[in-house]
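J.: this is a predicted model, with the sequence first.
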Amino acid sequence: MVATTRVATAALLCMLGAAVFLAACNSKQPLVVGSKSDTEDMILGEIVAQHLEHRLGRRVTRRTGLGDTPILYQAILSGEVGIYPEYTGLIESDILKEQANSDPQIVLTRVRQQMDRVQLEVLDPLGFDSPSAMVVRASGNETIASLSDAADPAKTNKRWKLGVRDEFQARSDGLQELAPYRLPMDSPHILDPKQLFTALAKGDVDMIATRATDGHLTSADWKILTDDKKVFPPYQACLLVRKDLIAADPALRPAVAELSGKINADTMRKLNSQVDVQGMPAATVAAGFLSQAGLK
């Protein structure tokens with residue numbers, strides 16, 4: 001009788017232990033990594049997803065290519081995604097609707113404070129800044145190195161034909177930020193992002209607005225004009241994550257922290273080039289990066 005009672009008690013304890021274990025597992029929220037539609041964001045989203053799968057041993061759902069900053073911000077607020085790559089300058093201009101400061105640390109501190117109020121955390125930057133960049137053909141523009149040079153009639157006497165994406169024209173930290181340069185130019189040509197460098201190569205435009213980490217910029221055919229007046233705000237790449245997701249799985253924070261500082265601008269430019277120029281899948285490029293960085 002005593003032995004039977006002991007067996008029953010042991011069985012009950014095992015059942016209780018199993019129930020506690022299952023409850024702990026179920027308390028972890030699903031890991032959903034999102035991203036915007038640009039090549040760079042798709043690559044970063046895939047890097048995060050693959051890294052978390054490897055480090056946490058959990059299934060990660062991908063919601064990549066969802067759209068622009070306002071769409072992803074609403075998605076993370078609603079819980080549709082739990083983590084996604086973002087840029088400090090875009091948080092300040094597109095989400096907070098503020099004029100972004102030119103000091104990267106001031107911008108980072110500001111967006112962290114404001115995101116904390118909506119239960120989101122801005123993790124340490126990934127290691128590169130990706131501000132807007134004005135690009136011209138290297139050939140034929142040997143006398144100019146900066147945007148001020150491009151506006152100086154003593155160095156180049158032309159009206160620039162500018163090619164931009166629609167969102168660059170619409171953003172508060174985009175086209176209108178060029179005003180201090182008094183750059184002589186015609187009405188901008190609105191182009192699909194994939195058409196920018198093709199139009200520049202053909203001569204349909206002679207200056208384009210892109211990102212400093214655009215993959216095409218690995219080629220010596222193009223020249224970035226220095227923003228010597230510093231009109232474009234810093235766009236430090238970072239990860240925006242829901243606080244309840246971190247609380248549900250304590251292993252998440254140290255896992256994503258391993259990515260901080262691991263990607264410099266040159267590396268990001270090369271990763272973008274592998275997708276946009278060489279035609280490699282973003283997932284393959286992400287896996288290659290993680291392997292080379294010793295994170296796989």
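T.: Structure received.

J.: quick one: low-confidence ranges for this structure?
T.: In the predicted model, the chain carries pLDDT under 70 at residues 1-28.

J.: which stretches of it form strands?
T.: 31-34, 60-63, 83-87, 120-122, 132-137, 162-164, 189-190, 207-211, 222-225, 237-242 (DSSP state E).

J.: which of the ones you listed sits most buried?
T.: Stretch with highest mean neighbour count among the strands of the chain: strand 83-87 (a mean of 27; mean count of other C-beta atoms under 10 Å). For every residue, glycine as well, the C-beta is placed using N, CA and C.

J.: so what touches that one?
T.: Residues from elsewhere that reach strand 83-87, judged by C-beta atoms under 8 Å, 6 or more residues apart in numbering: 31-36, 41, 44-45, 48, 69, 72, 75-76, 122, 126, 130, 235-242, 245, 256.

J.: how about a cut-off of 6 Å?
T.: Strand 83-87 has contacts (C-beta atoms under 6 Å, 6 or more residues apart in numbering) with 33-35, 41, 44-45, 72, 235, 237, 239-241.

J.: just the angle between that strand and strand 237-242, please?
T.: Counting by axes from the mean of the first three to the mean of the last three C-alpha atoms, to 10 degrees, strand 83-87 lies at 140 degrees to strand 237-242.

J.: before we move on, back to that, nearest to residue 96, of the contacts of strand 83-87?
T.: If you rank those by distance to residue 96 using C-beta to C-beta, residue 240 comes first, at 12.8 Å.

J.: how about the nearest residue to the closest one, chain neighbours excluded?
T.: Closest residue to residue 240 apart from its sequence neighbours, by C-beta to C-beta, 6 or more residues apart in numbering: residue 86 at 4.6 Å.

J.: and if you look at residue 91?
T.: Nearest one to residue 91, counting by C-beta to C-beta, 6+ apart, is residue 111 at 4.3 Å.

J.: give me the number of residues near residue 58?
T.: When neighbours are defined as other C-beta atoms under 10 Å, residue 58 has 16 of them.

J.: quick one: the helices in the protein?
T.: For the chain, helices defined by DSSP state H occupy the ranges 2-27, 39-56, 69-78, 88-90, 104-116, 147-150, 166-170, 196-202, 243-248, 252-257, 265-276, 282-292.

J.: which of the residues in the last one are buried?
T.: Of the residues in helix 282-292, 282-283, 285-287, 289-290 count as buried by neighbour count, 16 or more other C-beta atoms under 10 Å.

J.: turn these into TSV, including distance to residue 276.
T.: Listed next are the buried residues of helix 282-292 as TSV, based on distance: C-beta to C-beta, whole Å:
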residue	distance to residue 276
282	10
283	15
285	10
286	14
287	18
289	15
290	20
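
J.: closest to residue 168 among these?
T.: residue 282 (22.6 Å).

J.: separation between the closest one and residue 49?
T.: 10 Å (C-beta to C-beta, to the nearest Å).

J.: with residue 269 instead?
T.: 21 Å.

J.: quick one: which of these two has more around it?
T.: Taking neighbours as other C-beta under 10 Å, residue 269 and residue 49 compare with residue 49 leading, 24 against 20.

J.: now for the contacts of strand 83-87, which pair is the farthest apart?
T.: By the measure C-beta to C-beta, 33 and 235 form the most distant pair in these, at 20.0 Å.
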